[in-house]
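A.B. asks: turn this into a model:
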Amino acid sequence: MDEQLHSLTRRLIELRMEHADLNAMIDRLAEQAPLDELALRRLKKRRLALRDLIAQLELTNEPDDLA
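C.D. replies: Presented below is the predicted three-dimensional model:
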């Protein structure tokens, strides 16, 4: 069980790093003169999916308060 918790924590860290990278990419893309709206939309959609996955894993990672 401890290994599962450790791997879940590691996965959360990796996802948060990817989310931060996407934020930086979105910011850079938004500053470009000919705005690529399709690419920007795709990156934002991926960022949102990552955020949802992170939230879901965080709920799984938290110990039960009622226990």
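A.B. asks: so which elements touch the helix ranked longest in the chain?
C.D. replies: In the chain, with assignment by DSSP state H, the single longest helix is helix 2-31. Counting contacts by 3 or more C-beta pairs under 8 Å, 6 or more residues apart in numbering; DSSP states H and E, helix 2-31 packs against helix 37-61. (Each C-beta comes from the backbone N, C-alpha and C, glycine too.)
A.B. asks: report how many residues lie close to Leu59.
C.D. replies: Here the count is done by other C-beta atoms under 10 Å, and Leu59 has 8 residues near it.
A.B. asks: which intervals of the chain have sub-threshold pLDDT?
C.D. replies: 1-2, 4-5, 63-67 (pLDDT under 70).
A.B. asks: please report how far the spatially closest residue to Met25 that is not a sequence neighbour lies from Ala20.
C.D. replies: Distance criterion C-beta to C-beta, 6 or more residues apart in numbering; nearest residue to Met25, sequence neighbours excluded, is Leu43 at 5.8 Å. Distance of Leu43 to Ala20, given as C-beta to C-beta, to the nearest Å: 13 Å.
A.B. asks: looking only at neighbour counts, state which of those two leads.
C.D. replies: The neighbour comparison of Leu43 against Ala20 (other C-beta under 10 Å) goes to Leu43, with 17 against 12.
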